[in-house]
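> Coordinates only, no sequence provided:
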């Protein structure tokens, strides 16, 4: 019955998990659909993103993504404060670095719109750093392009060109490439470097398919004509003005077509055909009036003044000048009224947005408090369930064991009466066997201790005795080692842990030992513990065994390896200790030579520690030994 009950619980939990996963997957699909529709159907996208961002049932990561694209939506319609609010809110829970890079770029765009250029640059650098960390090439290209335009805005043209060129180098689409060619060409145009401006505008025009974005193609051709005009390449300029006009006429861009005609007429006037130039400008004026474009009309009258003057027709030039001033004043008045209206709208919008932001902040604080209270309740319930389930399980197990025990005792009671004599004899035999086994194990342990500790120290003393005539200062070291050897003999006899291990940090204890050996031997010995804090809280008994293993490995290497470099690494992980012992000595055949006393002692210790050993060695190739020991924390540290 209990197994069936547990199975039902697992089935219920699995069903609930599947239901939750399906719900989150459905929301993700809906979110992705809204993001894809931002350009084609912004109203729908705004509605869906708002719903997802406010729904308390959704994961924070999903709501953060929805807030990020709400910020993008508000940025696209020019509502900067709302864009900044939602983008900052998304950064709280965004974990995916791609989306973080997008968020910082979006914040940079918002600050640029508010005229805060330095803040925008700082945020774009954050986006660039994250993008480079994850090799997000598309974002790297976009951010560098943004930085180039901002530095151009600050008149730092060389830095702007460098960033735009780097954007081209990391671009993942042709559109990014020819777009940056246009930007670089524009900067060179402002720098009066018309030769380079011509080069980059020409690259952009040749690379961009006219049918993909005809309006941009018409503009690039117009800009290219203007650069050629400045370079006094009039015939080529006329050719590109004509191309701009053809593209504009083919797609109904009347204003672009008229600008191309005006520029072409100016060049024809310069080339001496004033009547043709006047005729072209007059025809253009009729079309400009048809579309009620005052800016183009003003531009036409301004150029008519120039053409009439060049043709010595001062009366017509004066008439055109009068019309120019009338239209310019009218245009300025219109612009002023428009600017005033825009400022009023912006002020009212900003005021409303601030009020909305204050309300939203209050709402967020309330929601956060409610969420905190709910989380606390959930934690209490979950904690109670976590504690209750093991208690119930233990009670059930105890009850079952009690029942089995009672039945067993009842059945055994009669049998025990008959077999009590034989049972006592068997117990005596087992005790005798146990005593013999324990005695043998104790003898083996003492033999290992004598070989590993005292043997290792005596080997070191022997090596130092060889050089005692070279350096009289070694005598003190030998005396200290003799004291240590005496202390170890005394401690082995009492089955105690060495005092220095209790009195000194374990890593320092091993370091002191290795420093002592290194002073009187040829090999360069390196000890690398990591992390020191974890190693120092290993169980004291394990410290002794680990030290003895290192000591035995060191003794074997010094006796047999003829190594120049020895490296000992001691690494502590969450559930194990790793010893890596490497030397560049003569090595040995690991398949054959594995029966030495030292290696046997190490393997016996590892068996007691339930540890694993891997030996990698070959003749004339050095030796690498890796030992993995399950971790036991020091009891004192556990109590802390």
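Thanks, I have the structure now. Keep in mind that this is a model prediction, so the values were computed, not measured.

> Tell me, how many residues neighbour the residue nearest to residue 221 when sequence neighbours are not counted?
Take residue 221 and drop its neighbours on the chain: the residue closest to it by C-beta to C-beta, 6 or more residues apart in numbering is residue 244, 3.7 Å away. From N, CA and C alone the C-beta is placed, and that goes for glycine too. Look at residue 244: counted by other C-beta atoms under 10 Å, it has 28 neighbours.

> so residue 244 is in which element?
Under the criterion of DSSP states H and E, residue 244 resides in helix 234-251.

> in which helix or strand would I find residue 566?
Judged by DSSP H and E, residue 566 forms part of strand 565-572.

> tell me the mean pLDDT for that strand?
Taken as a whole, strand 565-572 carries a mean pLDDT of 94.

> in that strand, what's buried?
By neighbour count with 16 or more other C-beta atoms under 10 Å, strand 565-572 contains the buried residues 566-568, 570-572.

> which is the next helix or strand following it?
strand 576-583.

> That next one to strand 565-572, inter-axis angle?
Relative orientation of strand 576-583 versus strand 565-572 (axes from the mean of the first three to the mean of the last three C-alpha atoms, to 10 degrees): 180 degrees.

> Could you please name the strands strand 576-583 pairs with and the direction of each pair?
In the sheet, strand 576-583 lines up against strand 565-572 (antiparallel), strand 623-630 (antiparallel) (DSSP bridges).

> ok, and what's touching that strand?
By C-beta atoms under 8 Å, 6 or more residues apart in numbering, the list of residues contacting strand 576-583 from outside reads 523, 535, 538, 542, 546, 549-550, 553, 557, 561, 563, 565-572, 622-631.

> Flag every buried residue along it.
For strand 576-583, the neighbour count (16+ other C-beta under 10 Å) marks 577-583 as buried.

> Can you list the low-confidence ranges for the stretch 451-600 of the chain?
451-456, 462, 464, 466-475, 486-487, 489-500, 502, 593-598 (pLDDT under 70).

> As a check, name the ranges of all helices in it.
Remark: helices assigned in the stretch 451-600 of the chain by DSSP state H, counting those that start in this stretch are 455-466, 474-493, 499-503, 506-519, 532-535, 540-556, 597-609.

> Among these, which comes closest to residue 253?
With C-beta to C-beta as the criterion, residue 253 lies closest to helix 532-535 of the helices of the stretch 451-600 of the chain, at 70.7 Å.

> worst-scoring helix or strand of this structure, pLDDT-wise?
For the chain, the helix or strand with the lowest mean confidence is helix 635-639, at a mean of 44 (criterion: mean pLDDT, DSSP states H and E).

> Let me have the strands paired with strand 576-583 in TSV, extended by distance to residue 316.
Shown next, in TSV, are these (distance: least, C-beta to C-beta, whole Å):
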stretch	distance to residue 316
strand 565-572	93
strand 623-630	97
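
> can you tell which of the ones you listed is closest to residue 169?
It's strand 565-572; of the strands paired with strand 576-583, that one is closest to residue 169 (C-beta to C-beta) at 42.0 Å.

> does residue 529 have beta-bridge partners, and which?
Judged by DSSP bridges, the bridge partners of residue 529 are residue 570.

> Could you measure from residue 392 over to residue 64?
39 Å (C-beta to C-beta, to the nearest Å).

> which of these two has more neighbours?
The neighbour comparison of residue 392 against residue 64 (other C-beta under 10 Å) goes to residue 64, with 23 against 10.

> does the closest residue to that one other than its chain neighbours sit in a helix, a strand or a coil?
With sequence-adjacent residues excluded and distances taken as C-beta to C-beta, 6+ apart, residue 64 is closest to residue 93, at 3.9 Å. Under the three-state scheme (DSSP: H, G, I helix; E, B strand; the rest coil), residue 93 adopts coil.

> Now for residue 93: which residues touch it?
60-61, 63-64.

> for residue 530, what are its contacts?
Applying C-beta under 8 Å, 6+ apart to residue 530 gives the contacts 569-572.

> can you map out the helices along the stretch 51-200 of the chain?
Ranges of helices in the stretch 51-200 of the chain, per DSSP H, counting those that start in this stretch, are 60-76, 80-91, 97-113, 117-133, 137-153, 157-169, 174-190, 194-207.

> I'd say residue 573 and residue 631 touch.
Yes. Counting by C-beta atoms under 8 Å, residue 631 is a contact partner of residue 573 at 7.3 Å.

> So which of the helices of the stretch 51-200 of the chain is nearest residue 219?
helix 174-190 (8.3 Å).

> Measure how the closest one sits relative to helix 137-153, angle-wise.
Using the same axes, to 10 degrees: helix 174-190 against helix 137-153 is 10 degrees.

> quick check: angle from helix 174-190 to helix 157-169?
160 degrees.

> hmm, back to that, any idea how far the residue nearest to residue 64 is from residue 243?
For residue 93, the distance to residue 243 - C-beta to C-beta - is 51 Å.

> same thing with residue 294?
Taking C-beta to C-beta as the measure, residue 294 falls 27 Å from residue 243.

> So for the two, which residue has more residues nearby?
More crowded of residue 294 and residue 243, by other C-beta under 10 Å: residue 243, with 20 against 15.

> Domain parsing of the protein, as residue ranges.
Domain ranges of the chain: 209-291, 498-639, per automatic domain parsing.

> so which of those domains gets nearest residue 100?
Ranking those by proximity to residue 100 (C-beta to C-beta) places domain 498-639 first, at 29.2 Å.

> what about that closest one, distance to the chain center?
Centre-to-centre, domain 498-639 and its host chain are 36 Å apart (C-alpha atoms, centre = their mean, to the nearest Å).

> Repeat that for stretch 72-83.
Relative to its chain's centre, stretch 72-83 lies at 27 Å (C-alpha atoms, centre = their mean).
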